[in-house]
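could you look at this predicted model? Sequence included:
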Amino acid sequence: MDRTYLKRHLRLAPDQEELNKLEAFVENVCDDYHIYDAYFGNIMAANTLLFELFIDIIDKKDFHIDIYFQSTPSGLFFTVKLDQYFLDLAGMYDRVKNLEPDDPEAYTGEGHRLMMLRLLSDDVKFDGADESIELVFHVTGVNDALTIQRVEMLYRYYEMLEKVKNLN
């Protein structure tokens with residue numbers, strides 16, 4: 001089976017109890033593409049953070065979260081339809097997208113989750129026409145230097161997070 005352009009869809013209720021379905025979805029994708037170790041962790045953590053953030057901002061229980069997966073030669077793409085919540089999340093992300101991991105603003109409000117999304121993903125894209133957010137993972141180009149850089153940034157971020165917590 002040629003899986004190069006495999007597409008998948010998952011619909012979830014905005015409820016913490018649906019998290020296991022998202023985790024199984026990500027695990028199946030990673031198993032199909034033989035993605036393990038650090039990149040598996042990045043993909044799982046980023047999708048989980050986005051799902052939990054979305055649960056927190058959704059005020060309707062009858063709403064569903066649609067997550068689409070697509071693989072192309074340039075990487076793996078997880079797209080979440082935001083619909084009427086697009087502007088809320090896009091605005092939140094705009095406030096943290098250019099911050100450095102040691103910037104105190106990265107720890108305020110939802111800044112922490114959004115900063116983690118940025119650090120765990122190769123790219124985070126907002127599509128205004130589609131009202132969606134896309135997490136991009138360029139798994140074809142993963143190398144040791146990128147992995148080390150990402151680990152160092154996460155360590156720096158968490159060191160700063162500890163400092164901020166100790167100040168409060």
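On my side now, so go ahead.

could you check the distance from the residue nearest the centre of the chain over to Asp56?
Centroid-nearest residue in the chain, with CA atoms, centre = their mean: Ala46, separated by 3.1 Å. Distance of Ala46 to Asp56, given as CB to CB, to the nearest Å: 16 Å. C-betas here are computed from N, CA, C, even on glycine.

re the thing from before, for the residue nearest to the centre of the chain, what are its contacts?
Shown in contact with Ala46 (CB atoms under 8 Å, 6 or more residues apart in numbering): 78, 116-117, 120-121, 135.

tell me which residues in the lengthiest helix in the chain are buried?
Determined from DSSP state H, the single longest helix within the chain is helix 144-167. Going by neighbour count (16 or more other CB atoms under 10 Å), the buried part of helix 144-167 is 150, 153-154, 157, 160-161.

again with stretch 52-60
Residues of stretch 52-60 classed as buried by neighbour count (16+ other CB under 10 Å): 53-55, 58.

check the offset of that stretch from the chain's centre.
How far stretch 52-60 lies from its chain's middle: 15 Å, per CA atoms, centre = their mean, to the nearest Å.

let's see the least confident helix or strand in the chain by mean pLDDT as CSV, backbone CA atoms only.
Of all the helices and strands that make up the chain, the one with the lowest confidence by mean pLDDT, DSSP states H and E is helix 86-96; it has a mean of 80. Extracted C-alpha coordinates of helix 86-96, given in CSV (Å, rounded to 0.1, in the frame of the first residue of the first chain):
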residue,chain,number,x,y,z
PHE,A,86,-10.1,30.5,15.1
LEU,A,87,-9.7,34.2,15.9
ASP,A,88,-9.3,33.5,19.6
LEU,A,89,-6.5,31.0,19.2
ALA,A,90,-4.8,32.9,16.4
GLY,A,91,-4.8,36.0,18.6
MET,A,92,-3.3,34.0,21.5
TYR,A,93,-0.6,32.5,19.2
ASP,A,94,0.3,35.9,17.7
ARG,A,95,1.3,37.1,21.1
VAL,A,96,3.8,34.3,21.7
